[in-house]
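Participant: Sequence and predicted structure, then a few things I'm wondering about:
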Amino acid sequence: MALTKELAGFVGSLRFGDVPPAALPFIRSAFTDCFATLVAGRVSEPARILRETLDPPPGESRLFVDQGTARAPEAAWLNATAAHALDFDDAAQKGHLSAVLVPAILAEADACDADGRAMATAYAAGYETWAELLRREPGLYHNHSWHPTGVFGPLAAAAACASLRGLDARHTAHALGMAASRSGGVIANFGSMTKPLHAGIAAHAGVMAARLAQRGFTASPDALEGSKGLMRGISPEGRVDVDSPVLAGRDWKLPRDGVNIKKYPVCFATHRALDGILDILAEQVVPAGDVKRIAVTISRRNKSTLRFDAPQDRLQAKFSMQFAMASAIVAHRCGLQELDDALVQRADVRELMRAVEVIPTDEEAGDRAGEAPVDVVQLQLQDGRTLRREVDYVRGGPERPLLPGELFAKFESCLQAGGLAADARPLFNALMAVDELPGTRALYALAESREIHP
């Protein structure tokens, strides 16, 4: 089976009318949430250092790092890194799909003068490309050191940009083949500035692959499925399926799997446990001094992803269940304000972190590879009582979507964190109807209603 060719055929023929209506709410939420996290992340150290290092000349695409412009590849690189810098962007298909796709799409939409329908179609093309490749591997990439954001992000971004540029199947296949040689990203870099760079590199790679393919740059026709191709090369267990027909466009994943809007700016592996402990604390006041032990049961895959039992700074704290639980108890939340080096080093927080035990389970949910059927939080108190919660689906996911107003509250707080003084409501409304926009200029006009002050 010619996987590369068939997948390129899906991308090359996709039109807005082919996108299931049930997918559109997820696409709108993804653009809205990613734009917010991009603005919040633009004042982060990774975004600042990358901007100063690249120092790109002005171009056709908008930079939200400082409201300047750059050529589309550099704009996608910078904006995607900023979008993932705080780990507050949505999660889907075992990675951070929107932090790659949305910046790449916005950058190329600027260059192509594409409208909202084209942008929504491009997102669908990228999402389904990522999902199609992910479904073929029975093993877990996280267990084999691979970060799916860095591995599948270049291919998804290449598909999205090929769609925006109207590439036919032949040219799209070359774009996918080039993107396959840009795949990478290791779990070992979690907790460092390089993790958000995975998203930035992926977005840049996708933009470049589509542009090169359009000009006649070629790649191997079996770059994905060949005996020396990407899918076999990265397979954790050597059991990847490269022979079955492509389901993209026939069995749509986006309307079913959707996106998980993150309530907390920490690794997604902590979120169900955070939901559980915050539910406990909402019902009962628990002073830190009353806590004897906090036992959290999660999947073995998620435990291995949370690499830091005793984090030393805010970057490591994002990948620490110990910090997530301690933050919830001392601050009754785990938000952007809590991701602070001073809080991570505070004596009472460190004492609470030592009271957290993370217990792995090998039991898996049938519909969610790598996830336990439930995450369990047990809060043992000094007086002998144990408060317990089991959480099956995370808040912000398709099964338990955010409550009315919660997405806007996150959007508004992210704009404030990033120093964007524009009126949040009109900008939010425009993004929540992204497929109806006449183009990116209408969006940027709302973002420029007042100046950005980093």
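Facilitator: That came in fine, so what should we check first?

Participant: Work out the sheet partners of the biggest strand by length in the chain and label each with its direction, please.
Facilitator: In the chain, with assignment by DSSP state E, the single longest strand is strand 291-299. Here strand 291-299 has these sheet partners by DSSP bridges: strand 356-361 (parallel), strand 375-381 (antiparallel).

Participant: Now tabulate those strands in JSON lines and tack on mean neighbour count, mean pLDDT and distance to residue 323.
Facilitator: C-beta coordinates here come from the backbone N, C-alpha and C atoms, glycine included. Compiled in JSON lines, these are given as follows (neighbours: other C-beta atoms under 10 Å; pLDDT from 0 to 100; distance: least, C-beta to C-beta, whole Å):
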{"stretch": "strand 356-361", "mean neighbour count": "16", "mean pLDDT": "96", "distance to residue 323": "9"}
{"stretch": "strand 375-381", "mean neighbour count": "21", "mean pLDDT": "97", "distance to residue 323": "15"}
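
Participant: what's near enough to touch the most centrally placed residue in the chain?
Facilitator: Nearest residue to the geometric centre of the chain (C-alpha atoms, centre = their mean): residue 96, 2.0 Å. For residue 96, the contacting residues are 84, 89-90, 149, 153, 199, by C-beta atoms under 8 Å, 6 or more residues apart in numbering.

Participant: Swap in 6 Å and give it another go.
Facilitator: By C-beta atoms under 6 Å, 6 or more residues apart in numbering, the residues touching residue 96 are 84, 89, 149, 199.

Participant: Ok, residue 435 next?
Facilitator: 116-117, 120.

Participant: Name the helix or strand for the nearest residue to it once chain neighbours are set aside, please.
Facilitator: Leaving aside its chain neighbours, residue 435 sits nearest to residue 120 (4.0 Å; criterion: C-beta to C-beta, 6 or more residues apart in numbering). Using DSSP states H and E, the element containing residue 120 is helix 116-134.

Participant: Output the contacting helices and strands for that helix.
Facilitator: helix 97-112, helix 148-164 (3 or more C-beta pairs under 6 Å, 6 or more residues apart in numbering; DSSP states H and E).

Participant: what about the longest one, distance to the chain center?
Facilitator: Between the mean C-alpha location of helix 148-164 and the chain-wide mean there is a distance of 13 Å, by C-alpha atoms, centre = their mean, to the nearest Å.

Participant: How about stretch 14-22?
Facilitator: Its chain's C-alpha centre and that of stretch 14-22 lie 22 Å apart, by C-alpha atoms, centre = their mean.

Participant: Pull out the buried positions in it.
Facilitator: Within stretch 14-22, the residues that count as buried by 16 or more other C-beta atoms under 10 Å are 14, 16, 19.

Participant: ok, residue 374 to residue 168 distance?
Facilitator: 47 Å (C-beta to C-beta, to the nearest Å).

Participant: scratch that, residue 33
Facilitator: As judged by C-beta to C-beta, residue 33 and residue 168 stand 32 Å apart.

Participant: Between those two, point out the one with more neighbours.
Facilitator: The residue with more neighbours, out of residue 33 and residue 168, is residue 33; 28 against 14, by other C-beta atoms under 10 Å.

Participant: OK, contacts around that one?
Facilitator: 90, 261.

Participant: can you tell me the helix or strand for it?
Facilitator: Take DSSP H and E as the rule and residue 33 turns out to sit in helix 24-41.

Participant: buried stuff in that helix?
Facilitator: 24, 26-41.

Participant: For the residue nearest to the centre of the chain, which non-adjacent residue is closest in space?
Facilitator: Distances taken as C-beta to C-beta, 6+ apart put residue 149 closest to residue 96, at 4.6 Å, once the chain neighbours are dropped.

Participant: which residues are contacting the helix or strand of the chain with the lowest mean pLDDT?
Facilitator: Lowest by mean pLDDT, DSSP states H and E among the helices and strands of the chain is helix 440-447, with a mean of 88. The contact list for helix 440-447, computed with C-beta under 6 Å, 6+ apart, reads 62, 109-110, 422, 426-427, 430.

Participant: relative to helix 116-134, how tilted is that helix?
Facilitator: Helix 440-447 runs at 100 degrees relative to helix 116-134, counting by axes from the mean of the first three to the mean of the last three C-alpha atoms, to 10 degrees.

Participant: Just the buried residues of helix 440-447, please?
Facilitator: Neighbour-count burial for helix 440-447, counted by 16+ other C-beta under 10 Å, picks out 440, 443-444, 446-447.

Participant: One more: stretch 202-221?
Facilitator: Within stretch 202-221, the residues that qualify as buried by neighbour count (16+ other C-beta under 10 Å) are 202-214, 219-221.

Participant: Quickly check the contacts of residue 96 for the two that are furthest apart.
Facilitator: Pairwise distances across these peak at 9.8 Å for 89 and 149 (criterion: C-beta to C-beta).
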